[in-house]
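Visitor: Need a 3D model of the sequence below.
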Amino acid sequence: MAEDEFKENEIESDVEENDDVEIGPETTPEAIPEASPEPTSETSPTDNLLLPRDTMLSAGIHIGTRMKTLDMEPFIYRVRPDGLFVLDVQKTDERIRVAAKFLARFEHAKVAVAASRLYAHEPVKQFCKLTGAKPVIGRFIPGLLSNPLYPNRIDPEIIVVSDPRADAQAVKEASKVGIPIVALCSTDNEFAGVDLVIPTNNKGRRALAVVFWLLARQILRERGELSLDKDPAVPVEDFEAKLSRDEEDT
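Guide: Take a look at the predicted model:
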């Protein structure tokens, strides 16, 4: 079914960038340096992207890390002189369209979205408000999908994860119960258990906001709830995490 239709071996290549990066166990300030402008040669006047290419680049969607996996190799556009791997925004754009078309097939409340990373919390909340999906914010409780005796168990038909590494428990349980998994993946992610990848910066604050906003907009358009020339009532700025200094330090 959906799993077979969107298996990861059909996935194309892509490139990604980063601005404000959430610092976590697997991410250090040294791992992802401050983003620098990409060469203008990457901009093409013939692009037909969901947002202008410069807007996507300024959000850092194409910035990856200094690590790459074999799974993500097809999505790597190039490596910068500083060793940072860059994703192809054209393929990120294509995958957002494919994922939106896929997700629009499901009943609104049967879509779950997991976000363990702090910078993904607000984007996922806003995404779920717009699309009617079920947010799973913060720690993914073991048994939330797989334990029929757990009183707060949820029963989605598909799940989106903001990072398959940070949301490993969600990926594990979704695979166990046999529901499709759509994942935002950076250059250092592997695809084990994932059915459909959106190659993107999944650590940057602005990048996560833009990607989830675009995905929400495309889903609404695919459902016929939003005309092709309109944007959601909620602006992309509202999708961006707004953290206090104390929260950033924790």
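
Visitor: gap between R66 and F75?
Guide: From R66 across to F75, the span is 16 Å (C-beta to C-beta, to the nearest Å). To be clear about C-beta, it is placed using only N, CA and C from the backbone, and glycine gets the same treatment.

Visitor: Same question for R105.
Guide: From R105 across to F75, the span is 24 Å (C-beta to C-beta).

Visitor: More neighbours: which of R66 and F75?
Guide: F75 (30 against 16; other C-beta atoms under 10 Å).

Visitor: Surely that one and V89 touch.
Guide: No: using C-beta atoms under 8 Å, F75 makes no contact with V89, being 10.7 Å away.

Visitor: Find me the pLDDT at I61, would you?
Guide: At I61, the pLDDT value in this model is 95.

Visitor: Quick one: end-to-end distance for stretch 130-142.
Guide: Distance between the boundary residues of stretch 130-142 (C-alpha to C-alpha, to the nearest Å) amounts to 27 Å.

Visitor: What residues sit buried inside it?
Guide: Under the neighbour-count criterion of 16 or more other C-beta atoms under 10 Å, stretch 130-142 has 130-131, 133-137, 140-141 buried.

Visitor: same question, stretch 150-167
Guide: By 16+ other C-beta under 10 Å, the buried positions in stretch 150-167 come out as 156, 158-167.

Visitor: Let's see the distance spanning it from one end to the other.
Guide: Start and end residues of stretch 150-167 are separated by 19 Å (C-alpha to C-alpha).

Visitor: please renumber so the chain begins at 497
Guide: Will do, 497 is the new start, and the previous item becomes stretch 646-663.

Visitor: mind checking how far the residue lying farthest from the centre of the chain is from G639?
Guide: Going by C-alpha atoms, centre = their mean, the residue of the chain most distant from its centre is L645, 30.6 Å out. Per C-beta to C-beta, L645 is found 8 Å from G639.

Visitor: What does the residue nearest to the spatial centre of the chain show for phi and psi?
Guide: Nearest residue to the geometric centre of the chain (C-alpha atoms, centre = their mean): L680, 3.1 Å. Main-chain dihedrals, L680, degrees, to the nearest 10: phi -80, psi 120.

Visitor: What's opposite it in the beta bridge?
Guide: Beta-bridge pairing of L680 under DSSP bridges involves I694.

Visitor: Let me know whether it touches A703 as I believe.
Guide: No: with contact defined as C-beta under 8 Å, L680 does not count as touching A703 (9.2 Å).

Visitor: what touches both of the two?
Guide: T696 (C-beta atoms under 8 Å, 6 or more residues apart in numbering).

Visitor: Could you list the low-pLDDT ranges of the protein?
Guide: Low-confidence segments of the chain, defined by pLDDT under 70: 497-542, 740-746.

Visitor: Count the neighbours of I677 for me.
Guide: Quick note: I677 (other C-beta under 10 Å) scores 25 neighbours.

Visitor: how near is it to V730?
Guide: Look at I677 and V730: by C-beta to C-beta, they are 26 Å apart.

Visitor: For the chain, just list every one of the strands.
Guide: Counting by DSSP state E, the chain has strands at residues 572-575, 581-583, 607-611, 630-633, 654-657, 677-681, 692-695.

Visitor: now these in a markdown table, with distance to S671?
Guide: Output for the strands of the chain, formatted as a markdown table (distance: least, C-beta to C-beta, whole Å):
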| stretch | distance to S671 |
| --- | --- |
| strand 572-575 | 25 |
| strand 581-583 | 25 |
| strand 607-611 | 13 |
| strand 630-633 | 16 |
| strand 654-657 | 10 |
| strand 677-681 | 7 |
| strand 692-695 | 13 |
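
Visitor: ok, for A666, nearest residue in space, not its chain neighbours?
Guide: A610 (4.0 Å; C-beta to C-beta, 6 or more residues apart in numbering).

Visitor: meant to ask about E733, not that
Guide: Residue nearest to E733 in three dimensions, not counting chain neighbours: A705, with 7.6 Å by C-beta to C-beta, 6+ apart.
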